[in-house]
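**Student:** Have a look at this prediction, sequence included:
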Amino acid sequence: MDALLIDWYSHNKRDLPWRQPATSAWGVLVSEIMLQQTPVARVAPIWLEWMDRWPVPSKLAAVSQGEVVRAWGKLGYPRRALRLHEAAGVIAKDHNDIVPSDVDTLLALPGIGAYTARAVAVFAYGQRAPVVDTNVRRVVARAVHGAGDAGPASNTRDMADVEKLLPVDVADAATMSIALMELGALICTAKNPRCVDCPLLTDCAWQKAGRPEYAGPLKPVQRFAGTDRQVRGLLLDVLRDTDGPVERARLDAVWADSAQRDRCLDSLLVDGLMEQTPQGLFALPGEHS
DNA sequence: TAGACGTGGCG
DNA sequence: TCGCCAAGTCT
């Protein structure tokens, strides 16, 4: 399985900007944070801009939170930008401006969890570790377990599953990790998998079992329209599109339900995505004088 | 551990 | 059209 997969990857991998050989560990880290729950096509231009502006962690750490949130643009989940900014500060101060290569050290940084820590260790530093994201979980569920899709995530079990699949050779293990993800992204997709193009077709347990439909519990559908997430997004968008602090009325205009609006405004302040000036105006954090 | 947390494109 | 989906983390 590993040889087939690695060979397939070498011929079919996408030419993504963060996969250039010259990409630094910092570049890999930034890409991984941006790619959390966010499509490649939307990340690519922003990542290029960030690498140009902030080629090392200390450069990012030196600018205000507001500038970072603004540069994050509409990638979504803007708290990621705040956490990355904070992580950059720790890396600059405590790690000599060098992204740690040790998984446990990476895990201690804000915004870096089990997936991202190992993704950095493996993709930036070539280590052998199980990198488990939604793509990998789906590929393993099908090819190994013969299920139509992955059930609820279980970090410990999922990583143990993948660990067993990794080649002993460190370099091969690293390539296998990225290949598993790429297969899940391009071939073994959630809907309408392109099995005819799959390098694992003849080995796949799901294929052998007659491609049974997924029978486990369904993930609860995440609504968006009308949720606090939508309102927070609208509120923050006002500040992103404005140069300086804005009056309360500008924010009030984006959502009719005042109770929900107030709740969301408060949560943005609590999260540090927004600040109130002494004059009572609203601004991105650290941007008002 | 279930639920919160943005956004926009696609079938 | 609109539900589903996209390289998760935190509480």
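**Tutor:** Happy to help now that I have it. From a predicted model like this one, the values you see are computed outputs, not experimental measurements.

**Student:** only C-alpha atoms for contact and neighbour calcs from this point on.
**Tutor:** OK.

**Student:** For the residue most central in space within chain A, give me its contacts.
**Tutor:** With distances taken as C-alpha atoms, centre = their mean, the residue of chain A nearest its centroid is A:Gln36 (1.5 Å). By C-alpha atoms under 8 Å, 6 or more residues apart in numbering, A:Gln36 lies in contact with nothing.

**Student:** the domain parsing of chain A - what is it?
**Tutor:** Annotated domains of chain A cover A:24-123, A:228-283 [automatic domain parsing].

**Student:** how about CSV for those, with distance to A:Ala174 and mean pLDDT added?
**Tutor:** Output for the domains of chain A, formatted as CSV (distance: least, C-alpha to C-alpha, whole Å; pLDDT from 0 to 100):
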stretch, distance to A:Ala174, mean pLDDT
domain A:24-123, 6, 98
domain A:228-283, 36, 96
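
**Student:** just these: most buried one?
**Tutor:** Of those, the one with the most neighbours on average (mean count of other C-alpha atoms under 10 Å) is domain A:24-123, at a mean of 19.

**Student:** tell me which parts of the stretch 151-289 of chain A are close to DNA strand C?
**Tutor:** A:Met181, A:Glu182, A:Gly184, A:Ala185, A:Thr189, A:Ala190, A:Lys191, A:Val221, A:Gln222 (C-alpha under 7 Å from any atom of the strand).

**Student:** Per-residue confidence, the second one, what does it come out as?
**Tutor:** At A:Glu182, the predicted lDDT confidence score is 97.

**Student:** again with the fourth one
**Tutor:** Note for A:Ala185: predicted pLDDT of 97.

**Student:** Which residues are in contact with it?
**Tutor:** A:Asn135.

**Student:** That one should be in a helix, yeah?
**Tutor:** Yes - under DSSP: H, G, I helix; E, B strand; the rest coil, A:Ala185 sits within a helix.

**Student:** For A:Arg137, give me its contacts.
**Tutor:** A:Ala150, A:Asp158.

**Student:** And the helices in the stretch 51-200 of chain A, which stretches?
**Tutor:** Counting by DSSP state H, counting those that start in this stretch, the stretch 51-200 of chain A has helices at residues A:57-61, A:65-72, A:79-94, A:103-107, A:114-123, A:134-143, A:155-165, A:170-186.

**Student:** Could you list the residues in contact with the first one?
**Tutor:** Outside of helix A:57-61, the residues within contact range by C-alpha under 8 Å, 6+ apart are A:Trp26, A:Arg53, A:Trp54, A:Val68, A:His85, A:Glu86, A:Ala88, A:Gly89, A:Ile91, A:Ala92, A:Asp97, A:Ile98.

**Student:** between those residues, which is nearest A:Tyr125?
**Tutor:** Minimum distance to A:Tyr125 across the contacts of helix A:57-61 is 11.0 Å, recorded for A:Trp26 (C-alpha to C-alpha).

**Student:** before we move on, back to that, the helices of the stretch 51-200 of chain A: which one's closest to A:Pro21?
**Tutor:** For A:Pro21, the closest of the helices of the stretch 51-200 of chain A is helix A:114-123, at 10.7 Å, according to C-alpha to C-alpha.

**Student:** Tell me what angle that closest one forms with helix A:170-186.
**Tutor:** Counting by axes from the mean of the first three to the mean of the last three C-alpha atoms, to 10 degrees, helix A:114-123 lies at 130 degrees to helix A:170-186.
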